[in-house]
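Asker: Here you go, sequence then predicted model.
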Amino acid sequence: MKGFRCMLVTWKNIEDWVSEVIKKIELDKYNPEVIIGLARGGLVPARLISDRMQIKDLYAVKTEHWGITATPDGQARITQTLPINISGKRVLVVDDITDTGQSLSLAVDHVKNMGPSELKSATLLHILHSKYIPDYYADVVPEDKWTWFIFPWNVYEDLTNITLKIMDENQVTIESLQDIYEKYFQIKPKKSQLNETLSILIKKGKIVRDGKIYKKL
Ligand code: ADE
């Protein structure tokens, strides 16, 4: 079984990272009038930053790049362009993380073409191999510490994808699934989270339950 390092991010992590990003924006005396969140990962961070900075002009651009959890899906592309005019405005573009950096770099170029007076970008996390460096970020991740961050708004998308990958090779029980997560993905999801994950997969017709055992169809 080939795993990868994961981290189950808590809401406390998110609040701390948002505070750190805002501290950096304020130290830099940047005063954005408009926030643009990148759907989907940047939507919650953008909303939290807009709340803390009292900025009500909050919009979204959608980029798509990552397909199944932790697997990039070809080239990044914009699938929803900016729906309003931001010409002459001071803008902040927000995402959760820069990993390859492609999504944010694409979105920043897209917004730049729409003539803002100033344009800066912010993420919660920045992986050091990213080709694009955001203006503000809370924390850096060294390349050799690459991790898949399971954000609180993405828990079931990630756990269903990873669980299906595990079940390609193994029939599981809740207990064996917990052990596999710990050994190959370095996280300990709660039993309630694994139960919910398996029940989503049953509802979607991807797996079946036979007593304590769950297997792929
Ligand atoms: N999106 C792109 N890279 C990511 C990562 N390393 N963790 C979580 N979400 C991501």
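Answerer: Structure received.
Asker: Look at the residue most central in space within the chain and tell me its secondary structure.
Answerer: Taking C-alpha atoms, centre = their mean, the centroid of the chain lies closest to Gly41, which sits 4.1 Å from it. Reduced to three states with DSSP: H, G, I helix; E, B strand; the rest coil, the structure at Gly41 is coil.
Asker: Not counting sequence-adjacent ones, nearest residue to it?
Answerer: Ranked by C-beta to C-beta, 6 or more residues apart in numbering and with sequence neighbours excluded, the top spatial neighbour of Gly41 is Asp96, at 3.8 Å. C-beta: built from backbone N, CA, C; applies to glycine.
Asker: got the domain boundaries for the protein?
Answerer: Structurally, the chain divides into domains by automatic domain parsing as follows: 6-145, 152-216.
Asker: The shortest one - what's its average pLDDT?
Answerer: Domain 152-216 shows a mean pLDDT of 97.
Asker: near the ligand, anything from that domain?
Answerer: No - residues of domain 152-216 are not located near the ligand by C-beta under 6 Å from any ligand atom, the shortest gap being 7.2 Å.
Asker: where's that domain relative to the chain centroid, distance-wise?
Answerer: How far domain 152-216 lies from its chain's middle: 20 Å, per C-alpha atoms, centre = their mean, to the nearest Å.
Asker: Please name every helix or strand in contact with the host helix or strand of Asp139.
Answerer: Under the assignment given by DSSP states H and E, the secondary-structure element containing Asp139 is strand 136-141. With contacts defined as 3 or more C-beta pairs under 8 Å, 6 or more residues apart in numbering; DSSP states H and E, the packing partners of strand 136-141 are helix 11-27, strand 118-127.
Asker: Out of those, which gets nearest to the ligand?
Answerer: Shortest separation from the ligand across the helices and strands packed on strand 136-141 is recorded for strand 118-127, at 6.3 Å, computed as C-beta to the nearest ligand atom.
Asker: Need the residues that contact that closest one.
Answerer: Applying C-beta atoms under 8 Å, 6 or more residues apart in numbering, the external contacts of strand 118-127 come out as 14, 17-18, 21, 24-25, 30, 32, 42, 45, 49, 90-99, 104, 108, 111-112, 132-141, 143, 146, 149.
Asker: Now a PyMOL select for only the buried ones of these.
Answerer: Those of these that meet the burial criterion (16 or more other C-beta atoms under 10 Å) are gathered into one PyMOL selection, given here:
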select buried, resi 14+17+18+21+25+30+32+42+45+49+90+91+92+93+94+95+96+97+98+99+104+108+111+132+134+135+136+137+138+141+149
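Asker: Isn't Leu48 up against Val18?
Answerer: Yes - with the criterion set as C-beta atoms under 8 Å, Leu48 and Val18 qualify as a contacting pair; they are 4.8 Å apart.
Asker: picking that back up, could you check how far the residue nearest to the centre of the chain is from the ligand?
Answerer: The spacing between Gly41 and the ligand, counted by C-beta to the nearest ligand atom, to the nearest Å, is 6 Å.
Asker: what do you get for Lys112?
Answerer: Following C-beta to the nearest ligand atom, the distance that separates Lys112 from the ligand is 22 Å.
Asker: Tell me which of the helices and strands packed on strand 136-141 is the most buried.
Answerer: With neighbours defined as mean count of other C-beta atoms under 10 Å, the helices and strands packed on strand 136-141 peak in mean count at strand 118-127, which reaches a mean of 23.
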